[in-house]
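[1] one predicted model, sequence on top.
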Amino acid sequence: MSAAAFDRWYWPADALRAFCERLGIPAAGTKAALRARVLAALAGEPLPAAPKRSCTSTFNWAKAELTPHTVITDSISFGPNVRRYFKAAIGPKFSCHSDFMDWMRENAGATLADAVVAWTTLEVRKDDPGFRREIATCNNYLQYLRDARDAYPELSLEDAKACWDAKKIRPAPGGYVRFEPGDLPNG
């Protein structure tokens, strides 16, 4: 496949990893990094350098015993150990959403007790009808669903998902699927 042909389509993460494996290039990283790597390989260009994460902490978030006094470090990861801690501290309603992960990354030096308070504050904010979480650029699926339902408030989530399923298999310039009124069955 040529780089130009590849770039015309939306590719889910598992397909991008499969491309990487077939091309013999690293298959780890974000969807954007995988996509850029595959494009470069198909074009015969040097692979983009993987960004280096410059952490000063060697704290092992996967194995450490976490307590309310545990200090958040720049090496924070959100694996099972961290999620288990917050499920125990907050309860079953805990979800590790992007706003919370961003807060943790931006607040190295705070404690996990501070993080519990921050999570609770973030959860209260989501009940405000005027509040909307920012959707990361890499989450094309959620952005598509939001755009579809913003344009057509009466559109059910199931119908928006059906539109996504039909659209994601058609050409998508730059690999990004955008909602358009014509995506609706009667659009």
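    Structure's in. What do you need? Numbering: from 1, shown residues only.
[2] drop to CA atoms for contacts and neighbour counts, all remaining ones
    Noted.
[3] the protein - how does it break down into domains?
    Segmentation of the chain into domains, based on automatic domain parsing, reads 3-43, 53-131, 140-183.
[4] now do the first one: distance to the chain's middle.
    This means domain 3-43. Mean-position distance between domain 3-43 and its chain equals 17 Å (CA atoms, centre = their mean, to the nearest Å).
[5] same thing with the longest one?
    With CA atoms, centre = their mean as the basis, domain 53-131 stands 16 Å off its chain's centre.
[6] where does the chain dip in pLDDT?
    Low-confidence segments of the chain, defined by pLDDT under 70: 51-53, 187.
[7] which helix is the longest one in it?
    helix 112-126 (DSSP state H).
[8] now do the same contact list for residue 62.
    77, 79, 80, 81, 82 (CA atoms under 8 Å, 6 or more residues apart in numbering).
[9] out of the residues you listed, which are inside helices?
    80, 81, 82.
[10] so which of these is the most crowded?
    residue 82 (19 neighbours; other CA atoms under 10 Å).
[11] do I have it right that it meets residue 60?
    No: applying CA atoms under 8 Å, one finds residue 82 not in contact with residue 60, separated by 10.6 Å.
[12] if we can go back for a sec, can I get the ones in helices among the contacts of residue 62 in a markdown table including distance to residue 128?
    What follows is the ones in helices among the contacts of residue 62, written out as a markdown table (distance: CA to CA, whole Å):
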| residue | distance to residue 128 |
| --- | --- |
| 80 | 30 |
| 81 | 31 |
| 82 | 27 |
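[13] quick revisit: in the longest helix of the chain, which residues are buried?
    Counting neighbours by 16 or more other CA atoms under 10 Å, one finds that the buried residues in helix 112-126 are 112, 113, 114, 115, 116, 118, 119.
[14] over to stretch 26-42?
    Buried-residue list, stretch 26-42, by 16+ other CA under 10 Å: 27, 31, 33, 34, 35, 36, 37, 38, 39, 41, 42.
[15] residues contacting the closest residue to the fifth one other than its chain neighbours?
    Closest residue to residue 35 in three dimensions, ignoring its sequence neighbours and counting by CA to CA, 6 or more residues apart in numbering: residue 16, at 6.5 Å. By CA under 8 Å, 6+ apart, residue 16 lies in contact with 27, 31, 34, 35, 38.
[16] what does residue 75 give?
    Taking CA under 8 Å, 6+ apart, we find residue 75 in contact with 55, 56, 57, 58, 59, 61.
[17] swap the cut-off to 10 Å and go again
    Contacts for residue 75 (CA atoms under 10 Å, 6 or more residues apart in numbering) come out as 53, 54, 55, 56, 57, 58, 59, 60, 61, 105, 108.
[18] now these as TSV including secondary structure and distance to residue 178?
    Converted to TSV, the contacts of residue 75 look like this (DSSP: H, G, I helix; E, B strand; the rest coil; distance: CA to CA, whole Å):
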residue	secondary structure	distance to residue 178
53	coil	31
54	coil	34
55	coil	35
56	coil	39
57	coil	40
58	coil	41
59	coil	41
60	coil	40
61	coil	37
105	helix	30
108	strand	36
